[in-house]
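Undergrad: next input, structure requested:
(chains A and B)
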Amino acid sequence: MSVAPAPARARHQTGHRPSSPSPAPRRRSWWERLKRDKFVLLLALPGIAVIITFHYYPLLGNVIAFQDYQPYLGIRESLWSGFDNFKILFNGDPDLLNALKNTLTITALQTVFVFPAPIILALILNSLASNRLRQIVQSVLYLPHFLSWVILVAVFQQVLGGAGLLNNYLRSSGHEALNIIGNADAFKALVTSQVIWKDTGWATILFLAVLAQIDRSLYEAASVDGASKLRQTWHITLSGMRPIIILLFILKLGDSLSVGFEQILLQQPAVGRQASEVLDTFVYNNGVVGGAWGVAAAVGLVKGVIGLLLVLSANKIAHAFGEEGVYKA
Amino acid sequence: MPELSRRQVLGGGLVAVASAAGFPLLQGCSNKGRGGADAGGADGIRLPKYIAYQGFTPDLIGKDGVDSATFKYPANPTAATSGPPGDGKKVAVLTVTNSPAPPAKNRNAYWQELERRLGFPVDIEIVPSTDYGQRFQTAVAGGKLPDLFSIYPGQVPSLPSLLQKKAVDLTSHLSGDAIAKYPLLANIPTASWKQTVYDGKIYGIPIPRGAQITLTLYARDDLLGKLGITKPPASLQEFQDLCKELTHSKTNTWALGRLPLSYLRQMFKIPNGWSVRDGRLVSAFEAEQQKDALEAGRKLMAAGVVHPDGFNAPSSIRKTWVANGSTLMVDDSFSAWHAFYNYPHPDTFRLAAWAPPLADGGGTAPVWLGAPTINITSVNLNAADRVEALLSFLNYLAAPFGTSEYLFKNYGVKGIHHTLQGTDPVLTDKGRAEIGLGIEYVANAPWMTYQPGSPDVTKAQFDAQNTLVPTALADPTISRYSETNVRKGNQIGMGDLELDILQGRKPVSAWDAGVAKWKKAGGDSIRDEFQKALDHPPG
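TA: Numbering: from 1, shown residues only, chains lettered A, B, ... in the order given. Below is the predicted model of the structure:
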C-alpha cells in the first residue's frame, strides 16, 4: 500500500529534472521496514494469528469437495473422487437450481431494499437537531442487532403469526386474519423485512461516522451560494459518503450469495423448501443432514469463489470510475 | 405431515415429528451399508435373550404390545444391583435431552450423587434432541466421540460402516445367553434389540419405548364432557362437524392444535409408511386413498378449525394450547400424555385418546404403531478394553420401575430432589432443575405407565393403549435400514407438497405428480433397499 514512489513518477513524467536533486525517497528494504514498524506489527500479531487459525487453516478442509468424504473415515482415509462432486453444478439438479433461484431473488431484494436503508436512516438521524434525542433514537435502533435470530423469529411469530398480536386484533374486531408467517408467497418479503428491522440501525454507525467528518464549512459555503437543503444533501452529504457507500457495496457483493442461514433455516418448516431453500441451507441440508459432504462442500466452494470474483471485479470497476474501492493493488 | 423437517429448530418433539411424518424414527438394520464388510452377516445373529426382571410386579400387566401400568410407587423399593458397578475411571457420554440444561457438576447434587452410586466419574455432554444429528456428525468428523454415545439410527448416513469403524462389536457380550451377565439389560424386550443389529453384529443397546412412540389424537375429556361429548366421532363427517362446533376463533379457541394428517390417513386405512402386497413392498404414498385424506385435511384447513400457528409451533407449544384450553384436540405420541401435566393446567384437566373412525363410519380404523426403540447407545472402539465396565454402567441405568435405582435416577434423593406423597415421589424445584442429565437416553428400562398421585390418569392411559395398541398397524420396514432413506428420505419427502396442498397453494391432484417425482428422486431406491432388507431378515 506504499504510495511513496508516486511523486517520483509524477516528476519523471513532466520531462525535466529538477535542478537541485533533492534526495528522492529511497525505497527502504524489506528488513528496514520491518525494523521500523516492529511495534505496529507486534500489535497486529494476535489478530493475524486469529485470522490464520480460524479463517485460513479451516479453508484447507475444502479438500473434501474433491473426496467422497465420510466423517468416520476422516480426510486422510476418505477416497478421492476428482471433480465428481462438481457435476451437480452442471447437470441441472432441480433442487440446486431452485436454491439458486431463491438465493438470487433474495439477493436482489436485499440489494434494492436492505442496502440503501441505513443510508437513508443515517441521513434522517443526521438531520435531527437535538443531540440527546439522536442518541436515544440511535440506541433504540441498535438494539435489534443484538437479538439472536431465534429470538427475533419468535418475536415476529408472536406479533405477525396466525395467533399473534395483529391477527388476534383483526379477528376480535371481526376482520379476516392475515396469513403472513406461514405464507410461502410472502416468505421472501418477510425475511427481507426482518433483515431491515434487525440490522438497519446497526449499519448506520459507519455512515454516521462519515457524516460527522464532512467539513461543516462546505454547508455554510453552499448555503451562502443559495443551495437548497436538497442540493446540499446531494452535492455535499452524499458525495462525502460516496467512498464508504461504494466500499460497503463491494464488500456486500462478496457475500451476496449468503442471504442468511439461521434466519431461513428457522422458518423453513412453515413454508416448505420450494419457497425457502437457499444455497446455504442447501449445503447444510445435503451435507450435515444428508451426509453428502463432498457435494455440499463443492457447492459451498464454488459459491465462495464466485463471491471472491465479484469482489475483485467490482473493485476493478470502482477503480475505473476513479474510486478508492476496497484496496489498491 | 407438514413438519417433515428434521430440524424443528424452535424446539419440539422429535418423536412426534418423526411418527407424524409417517416415517419410522428408527430404521434399525440388518442389511449391508455402504462399504460395509460382510452382507452375509445379516443372517444367523442370536439376539440377546429376554429375561424379565422378577423383582417387581406391575398393577396392570400389558399384553399384545401394551405397556404395563402401576398406580403407586412401592413403599420400600428394592435394589436391583449390588453396589456401584464402576471401575473408578471416568466415563464420557454424548447424549440427548428434551429438558432445560441442568446446573454444572460442581453445583449439581444429583450429578454428584449419581457418580457416587455408579462408582464412575461421569462427564455428560447433553445436546437438545433437535440439534443432536449435527452435533453427532461433527463429533464424528472431529474424532471427538466419547466412550458412550447415543445414536438416532434414522439420522446417521452410512451408519453400518460408521459403527464398524467407531463402535465396539458387542455381540460376544450380549448375544443369546451372554446377556445374563447384565440382568437389567436382559429385561429389554427382543423387539427393541432388532434396532441394534448392523451387518449381523450387535453394535449398541436399545432405549426401549414399547408402544409409546405411537401417535394418537388427544381430546380434552373434561371440557368436551361439559359439552356433552363423551364419545369419539364415528365418521369423517362427524369429526368435521365436531371440529367446527368446537372452534370459536373470535375468542381464540380452535378445535385442533395442528392438522392431524396421520389421523385422517388412518381413517382412510392408509398403511403405516409401507405395506407388503404379494411379497412386494409398496410405499403408503402410493395408496389411492391419499388424495381423499388430503382433501379431508384441506377442508379442515379451509374451515379454519386448526390453530393458525399449528404448522409453525413446536410440540411443546401445542401442548400448552391443550393444557390451557385454546385448542381442544391435538395429535401427539402416547408418551406425551404425562408430559401435558408438566404445563400449567386446571385441576380438572383430563385427556382421552381417540381411536380414528373409518371415514365412512361403521367402526374404527387401526392406528399406526410406533417404533419400539427411540435410540441406541454404542460403545466407542477406543474404549474397547473397558467394555465390560461400560456395559455394567448401562446395566445400572436400565434399572426398571419399582427398584431403588429407578427411583434415584428419575427422582433423585428423597428430601432434596423429591418429597413423598404417600409412597409416590413428587419432584421438588431443585429436583426438576438438576435431574435432566439425559441419562434416560443413554440406557433405560421398558416403559411403565405411571402418573404419580393420579391413579385414574394411569388407568386411562392403560385403557387407551388396550383399545388402540393390540390392533395397531406396524410399519414393515421398522428395524430395517435403507441408506437412501437416511440420506435423502427427508429431503425428497412429500412434506412440502402436503403443506402446499393443505394450505391451498396446490390442488390435491398435484399429489400423483409428486409421488412420481419422489419415486424417481430416490423413493424407488428406498423401496428396493428395504425390500432387500426384508427378504434377508436377521436370523
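
Undergrad: stretch B:497-515: how far from the chain's middle?
TA: 28 Å (CA atoms, centre = their mean, to the nearest Å).

Undergrad: and it, does that touch chain A?
TA: Yes. Stretch B:497-515 is in contact with chain A by CB under 8 Å from any CB of the partner chain, via B:499-500, B:503, B:505. Any C-beta I mention is one placed from the backbone N, CA and C, and that applies to glycine too.

Undergrad: name the nearest of these relative to chain A.
TA: residue B:499 (4.8 Å; CB to the nearest CB).

Undergrad: residue 138: neighbour count?
TA: In the absence of a named chain, this looks at chain A. Counted with other CB atoms under 10 Å in any protein chain shown, residues neighbouring residue A:138 total 19.

Undergrad: nope, chain B
TA: By other CB under 10 Å, 12 other residues sit near residue B:138.

Undergrad: just the helices in the stretch 301-450 of chain B please.
TA: Using DSSP state H, counting those that start in this stretch, the helices of the stretch 301-450 of chain B run over residues B:315-324, B:336-339, B:387-397, B:404-411, B:429-434.

Undergrad: mind putting the ones you listed into CSV with distance to residue A:134 and mean neighbour count?
TA: What follows is the helices of the stretch 301-450 of chain B, written out as CSV (distance: least, CB to CB, whole Å; neighbours: other CB atoms under 10 Å in any protein chain shown):
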stretch, distance to residue A:134, mean neighbour count
helix B:315-324, 40, 21
helix B:336-339, 51, 20
helix B:387-397, 60, 22
helix B:404-411, 58, 21
helix B:429-434, 45, 17
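
Undergrad: any idea how far the spatially most central residue of chain A lies from residue A:105?
TA: Nearest to the geometric centre of chain A sits residue A:252, at 3.5 Å (CA atoms, centre = their mean). Distance, residue A:252 to residue A:105, by CB to CB, to the nearest Å: 16 Å.

Undergrad: just residue B:173 next, same as before
TA: The separation that residue B:173 has from residue A:105, given CB to CB, amounts to 56 Å.

Undergrad: of the two, who's got more company?
TA: Just comparing residue B:173 and residue A:105: by other CB under 10 Å the higher neighbour count belongs to residue B:173, 19 against 14.

Undergrad: helix, strand or coil for the more buried one?
TA: helix (DSSP: H, G, I helix; E, B strand; the rest coil).

Undergrad: what residues are up against it?
TA: Under the criterion of CB atoms under 8 Å, 6 or more residues apart in numbering or on different chains, the neighbours of residue B:173 are B:179, B:181, B:387-388, B:391.

Undergrad: could you find the closest non-adjacent residue to the residue of the stretch 201-329 of chain A found nearest chain B?
TA: As assessed by CB to the nearest CB, chain B sits closest to residue A:291 within the stretch 201-329 of chain A, at 2.7 Å. Nearest non-adjacent residue to residue A:291, counting by CB to CB, 6 or more residues apart in numbering or on different chains: residue B:157, 2.7 Å away.

Undergrad: thought the one you found was touching residue B:488?
TA: No. Using CB atoms under 8 Å as the test, residue B:157 is too far from residue B:488 to be in contact (9.4 Å).

Undergrad: shared neighbours of these two, anything?
TA: Overlap of the contact sets of residue B:157 and residue B:488 (by CB under 8 Å, 6+ apart) consists of residue A:290.

Undergrad: re the thing from before, burial measure for the residue nearest to residue A:291, as a count.
TA: When neighbours are defined as other CB under 10 Å, residue B:157 has 23 of them.

Undergrad: contact partners for the residue of the stretch 151-300 of chain B found nearest chain A?
TA: Going by CB to the nearest CB, chain A is nearest to residue B:157 of the stretch 151-300 of chain B, at 2.7 Å. By CB under 8 Å, 6+ apart, residue B:157 lies in contact with A:290-291, B:483, B:486-487.

Undergrad: swap in 7 Å and give it another go.
TA: A:290-291, B:486-487 (CB atoms under 7 Å, 6 or more residues apart in numbering or on different chains).

Undergrad: picking that back up, tell me the one among the contacts of residue B:173 nearest to residue B:465.
TA: The nearest member of the contacts of residue B:173 to residue B:465, counting by CB to CB, is residue B:179 at 27.1 Å.

Undergrad: quick check: residues of chain A near chain B?
TA: Contacts of chain A with chain B, taken as CB under 7 Å from any CB of the partner chain, map to A:70-74, A:154, A:157, A:161-163, A:167-168, A:171-172, A:177, A:181-182, A:184, A:265-266, A:268-270, A:272-274, A:285, A:288-292.

Undergrad: narrow those to those in helices?
TA: A:74, A:154, A:157, A:167-168, A:171-172, A:265-266, A:268-270, A:273-274 (DSSP state H).

Undergrad: now these: which count as buried?
TA: By neighbour count, with 16 or more other CB atoms under 10 Å in any protein chain shown, these hold A:157, A:167-168, A:171, A:265-266, A:268-270, A:273-274 as buried.

Undergrad: find the closest residue to chain B in the stretch 1-150 of chain A.
TA: As assessed by CB to the nearest CB, chain B sits closest to residue A:71 within the stretch 1-150 of chain A, at 3.8 Å.

Undergrad: just to revisit the earlier point, quick one: pLDDT of the residue nearest to the centre of chain A?
TA: Predicted confidence (pLDDT) at residue A:252: the value is 86.

Undergrad: so it sits in a helix?
TA: Yes. Assessed by three-state DSSP, residue A:252 belongs to a helix.

Undergrad: was I right about it contacting residue A:116?
TA: No. Using CB atoms under 7 Å, residue A:252 is not in contact with residue A:116, being 11.3 Å away.

Undergrad: contact partners for the residue in chain A that chain B sits nearest to?
TA: Residue of chain A nearest chain B, by CB to the nearest CB: residue A:162 (2.2 Å). Residue A:162 makes contact with A:177, A:179, A:181-182, B:308-309 under the criterion CB under 7 Å, 6+ apart.

Undergrad: and which of the residues you listed is nearest residue B:66?
TA: Using CB to CB, the contacts of residue A:162 come closest to residue B:66 at residue B:309, 34.2 Å.

Undergrad: dihedrals phi and psi, the residue of the stretch 1-150 of chain A closest to chain B?
TA: Phi and psi for residue A:71, reported as degrees, to the nearest 10, are phi -60, psi -30.

Undergrad: now it: closest residue in space that isn't a chain neighbour?
TA: Using CB to CB, 6+ apart and skipping residues adjacent in sequence, the residue nearest residue A:71 is residue B:141, 3.8 Å away.

Undergrad: just send the residues of stretch B:497-515 next to chain A back as a markdown table, with pLDDT and neighbour count too.
TA: A markdown table is the format used below for the residues of stretch B:497-515 next to chain A (pLDDT from 0 to 100; neighbours: other CB atoms under 10 Å in any protein chain shown):
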| residue | pLDDT | neighbour count |
| --- | --- | --- |
| B:499 | 88 | 26 |
| B:500 | 87 | 20 |
| B:503 | 87 | 21 |
| B:505 | 85 | 17 |
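
Undergrad: pull the most distant pair out of those residues.
TA: The largest separation in the residues of stretch B:497-515 next to chain A, counting by CB to CB, is between B:499 and B:505 at 8.1 Å.

Undergrad: how is chain B partitioned into domains?
TA: For chain B, the structural domains run B:33-210+B:372-454, B:215-368+B:482-535, going by automatic domain parsing.

Undergrad: for residue B:464, find the nearest of the ones you listed.
TA: The closest of the domains of chain B to residue B:464 is domain B:215-368+B:482-535. By CB to CB, the value is 3.9 Å.

Undergrad: first-to-last residue distance for the closest one?
TA: Start-to-end span of domain B:215-368+B:482-535 (CA to CA, to the nearest Å) is 28 Å.

Undergrad: same question for stretch A:51-69.
TA: 26 Å.
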